[in-house]
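Colleague: No letters, just coordinates:
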């Protein structure tokens with residue numbers, strides 16, 4: 001006689017084994033009586049397929065979905081979802097296919113497809129970050145504001161104003177290049193074209209004026225003497 005064992009917590013089928021005779025009941029009844037341990041049944045579980053488990057509840061077996069440990073992705077948010085519980089099946093808002101950073105879900109094809117607008121957004125955000133880094137590594141916001149102030153101050157010398165103008169013109173040239181490139185990206189029509197594009201900032205680095213706020217203020221202090 002076989003018995004079918006199930007897990008104490010999840011009630012899922014775990015194994016089958018041979019039942020042991022109950023010697024006292026067998027002697028009393030004069031027929032074989034088998035012991036049934038806890039978390040076991042004489043009822044055979046049903047066959048199960050992929051991602052299924054037989055579960056013994058309320059005195060009978062049933063088949064429930066089993067996707068524990070598997071990862072899915074929400075088609076509306078791209079959020080990663082890991083299923084941890086027995087009996088939980090992925091709904092229609094989940095897919096096993098991992099989305100790309102710039103992909104979107106196509107309801108007709110039922111798959112992720114390239115999203116050119118998302119790629120443009122990602123590219124322009126990276127472009128903006130490069131712009132901020134390029135300018136502020138040389139002239140932070142405080143320096144820029146100070147140069148603007150010196151340029152507008154009537155008693156600033158011609159040399160100081162010339163230095164301020166050189167720096168501010170360099171910053172403007174970087175901004176002009178940024179907006180031109182940003183417009184070019186927005187007009188691109190293929191994913192490959194956008195992906196391959198990179199902003200070459202070397203010429204701006206090389207052309208940056210060798211002028212600092214300290215050098216200007218030193219010059220200003222010297223003139224005051």
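Modeller: Received the coordinates, thanks. Quick caveat: nothing in here was measured; it's all calculated off a predicted structure. Residues are numbered from 1 along each chain as shown.
Colleague: can you give me the strands for the chain?
Modeller: 2-6, 13-18, 40-41, 52-57, 60-65, 71-74, 80-82, 94-95, 103-106, 111-114 (DSSP state E).
Colleague: Export those as CSV, with columns for mean neighbour count, mean pLDDT and distance to residue 161.
Modeller: For the C-beta atoms, the positions are set from N, CA and C on the backbone; glycine is no exception. As requested, the strands of the chain are exported to CSV (neighbours: other Cβ atoms under 10 Å; pLDDT from 0 to 100; distance: least, Cβ to Cβ, whole Å):
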stretch, mean neighbour count, mean pLDDT, distance to residue 161
strand 2-6, 18, 95, 87
strand 13-18, 13, 95, 85
strand 40-41, 18, 96, 93
strand 52-57, 18, 97, 80
strand 60-65, 15, 97, 75
strand 71-74, 16, 97, 58
strand 80-82, 12, 96, 56
strand 94-95, 18, 96, 62
strand 103-106, 16, 93, 52
strand 111-114, 15, 92, 51
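Colleague: Let me have those strands in CSV, extended by distance to residue 28.
Modeller: What follows is the strands of the chain, written out as CSV (distance: least, Cβ to Cβ, whole Å):
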stretch, distance to residue 28
strand 2-6, 21
strand 13-18, 22
strand 40-41, 22
strand 52-57, 29
strand 60-65, 29
strand 71-74, 56
strand 80-82, 53
strand 94-95, 57
strand 103-106, 67
strand 111-114, 67
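Colleague: Sketch out the low-pLDDT regions of the protein for me.
Modeller: Counting by pLDDT under 70, the ranges of the chain that qualify are 220-225.
Colleague: In it, what residue spans correspond to helices?
Modeller: Counting by DSSP state H, the chain has these helices, from start to end: 23-29, 116-136, 141-152, 158-187, 191-196, 202-207, 213-224.
Colleague: give the contact list for the nearest residue to residue 175 once chain neighbours are set aside.
Modeller: The spatial neighbour of residue 175 that comes closest, neighbours along the chain excluded (Cβ to Cβ, 6 or more residues apart in numbering), is residue 131 at 7.5 Å. Residues in contact with residue 131 (Cβ atoms under 8 Å, 6 or more residues apart in numbering) are 174-175, 178.
Colleague: Any idea which of the strands of the chain gets closest to residue 165?
Modeller: Evaluated over these, closeness to residue 165 peaks at strand 111-114, with 45.5 Å, by Cβ to Cβ.
Colleague: measure residue 211 to residue 138 for me?
Modeller: With the distance defined as Cβ to Cβ, to the nearest Å, residue 211 ends up 9 Å from residue 138.
Colleague: right, I mislabeled it, should have said residue 40
Modeller: According to Cβ to Cβ, residue 40 and residue 138 sit 76 Å apart.
Colleague: Give the buried residues for stretch 88-101.
Modeller: 90, 94-95, 99 (16 or more other Cβ atoms under 10 Å).
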